[in-house]
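Visitor: Sequence plus the predicted model coming up.
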Amino acid sequence: MSYAEITRQLGDRRLVVVSNRAPVDVRRGPERRLVPTVGGLVSALTPVFKAAGRGLWIAWSGSAGRLPHPRVELPPEDPCFTLRLVHLSERDVSGSYYGFSNRGLWPLSHYFVGRCQQSYERVNEIFAAAVLEELRPHDLVWVQDFQLATLPARVRAARPDIPVGLFWHVPFPEPSVFGILPWRRTLLEGMLGSDVIGFHLQSYARNFLACVERFTDAAVDHDRGTVQMDGHEVRVVAWPIGIEADLYESLARRPETELRAGRIRRQLGSAKMILGVDRLDYTKGILERLHGFERLLEHSPAFRGQVTFFQIAVPSRERVEEYRRMKREIDEAVGRISGRFTTGGWVPIRYVYQSMAPPELTAHYVAADLALVTPLRDGMNLVAKEYVASRVHDDGTLILSEFAGAAEDLPEAVRVNPYNMDDVAEQIRHALTMPLEEIRQRMTALRARVKVHDIRWWLRGFLGEFPELPALSLSGQDIA
Ligand code: F6P
């Protein structure tokens, strides 16, 4: 499936993407440099804009770093879309991004009920003003994620002629959990301003419909996956996001990646390498994973000196106390476990706290015999898919939490309950002693899935749900 096909599907509609995080970071230095943000959406949408020769992306200016103008043509070397930055005051950022988004909706969506706080309406209003200022008659607005939940209703109220989509990239909890929110009705009605609302899994879509039925007056048709709201129909669909599988595959095939992977392995001084890659977030289960690895070394001494756990933790939301506390706890656990088991030239855990560009990250995927992806709860988890796409020799084993959305997409992964340290230890042992033939069978099947259900499949699938755009033969249920 090509990007040109996706563009044809859009027809004369201009795609307007709205997200909290901007698609570029500003690198400081002698001269300001714009660097694309690492992540699936940026690399997925840029080719759509490129093929269409136009497009608009509206995002928070703080996430991009300070730029002299609120509008930038991107990418700088060959512009094909406009980035319109929305400036937020320090107070709004604290109340919305660091407040209700990341201390309220984020923990609630991941079932961490005890960690909630406060409200973010004003920022949605500011974003709505920016969208409305920018809109042209043939636009299609696509809002990304939980930080902007009430934006769709605001856009619809002012411009009912413009189709609006919302993709919710995190889990959507059951009514008993979502219902805790004092603003549950406002939030749901805000989302229902959309024409299409997308989730990664059917179960999240079902939970959303159950919440709408329970907490609003809108009429829900569970069989059709639709909601009737103030005279318009909202389609609620499941489209699990994929990755740019071709990119990871081609990076993995580069000779320099192989060389770099070899160097990474040699530095470890052990026969086997286990890899963890996560934003440093309490939902990712990094601490529990460290305890599981400790349990393995404790109960199976034969693995000491033979296997090294390499954890890459990407700094995230450092102004939120829970994240700072989690970082301290991880630092302590790494120190304690290393102190307990280090012998000779072997250190059991390598831990880096930094983000990594795709080529370097892929070298780590290529180097690792095993990827340990054990979130306590995760909307999807793209690291699992990136690891698979990078295993171009059909080897390597993926251990995957049963609470990650990706577990539904990747049934040949080794499943684990991330809360159970004994299970984590046992599944690592199982993976490290798995016959090569089984490793290959599992990885071959996983790679085929990741390649077919890639980012373009997702883009085309979601956009195909808009009645305004040409219908597609793909179905949201077709995720077997
Ligand atoms: O997938 C959830 C999400 O919050 C995305 O919206 C966001 O791009 C990513 O995680 C990283 O989070 P943040 O933008 O808060 O660093």
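Guide: Sure thing, it's come through.

Visitor: I'd say F178 and R184 touch.
Guide: Yes - counting by Cβ atoms under 8 Å, F178 touches R184, with 6.0 Å between them. (Glycine included, C-beta is placed from N, CA and C.)

Visitor: joint contacts of the two?
Guide: The overlap between the contact sets of F178 and R184 (Cβ atoms under 8 Å, 6 or more residues apart in numbering) consists of C211, F215.

Visitor: Same drill for the two, tell me which one is more crowded.
Guide: Neighbours per residue, other Cβ atoms under 10 Å: of F178 and R184, the larger number sits with F178, 21 against 17.

Visitor: The closest residue in space to the more buried one that isn't next to it in sequence: helix or strand, and which one exactly?
Guide: Nearest residue to F178, sequence neighbours excluded (Cβ to Cβ, 6 or more residues apart in numbering): C211, at 4.9 Å. In this structure, C211 sits in helix 202-215 according to DSSP states H and E.

Visitor: Buried residues in the next helix or strand after that helix, which are they?
Guide: Per DSSP H and E, the first helix or strand lying C-terminal to helix 202-215 is strand 219-221. For strand 219-221, burial by neighbour count (16 or more other Cβ atoms under 10 Å) applies to V220.

Visitor: so for strand 219-221, what's the average pLDDT?
Guide: Across strand 219-221, the average pLDDT comes to 98.

Visitor: Can you give the distance from it to the centre of its chain?
Guide: Put simply, strand 219-221 sits 29 Å off its chain's centre (Cα atoms, centre = their mean, to the nearest Å).

Visitor: so what does the helix or strand following it touch, helix or strand wise?
Guide: Where DSSP H and E defines the elements, the next helix or strand beyond strand 219-221 is strand 226-229. When contacts are defined as 3 or more Cβ pairs under 8 Å, 6 or more residues apart in numbering; DSSP states H and E, strand 226-229 sits against strand 219-221, strand 232-238.

Visitor: So which of these has the densest surroundings on average?
Guide: The highest mean neighbour count among the helices and strands packed on strand 226-229, using mean count of other Cβ atoms under 10 Å, belongs to strand 232-238: a mean of 20.

Visitor: tell me which element V155 falls in.
Guide: helix 151-158.

Visitor: which other helices and strands contact that helix?
Guide: Packed next to helix 151-158, using 3+ Cβ pairs under 8 Å, 6+ apart, are helix 121-134, strand 139-144, strand 164-167, helix 184-191.

Visitor: got a list of what the residue lying closest to L201 once chain neighbours are set aside touches?
Guide: Among residues not flanking L201 along the chain, G405 sits closest, at 5.2 Å (Cβ to Cβ, 6+ apart). Contacts for G405 (Cβ under 8 Å, 6+ apart) come out as P171, H200, L201, Y204, P240, D378, G379, M380, N381.

Visitor: Which ones among those also lie next to the ligand?
Guide: Near the ligand, taking Cβ under 6 Å from any ligand atom as the test, the members of those found are G379.

Visitor: interface residues of the stretch 101-250 of the chain facing the ligand?
Guide: Neighbours of the ligand within the stretch 101-250 of the chain, by Cβ under 6 Å from any ligand atom: D145, H169, V170.

Visitor: Any quick ChimeraX command for the buried ones out of those residues?
Guide: Per 16+ other Cβ under 10 Å, the buried members of these correspond to this ChimeraX selection:
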select :145,169,170
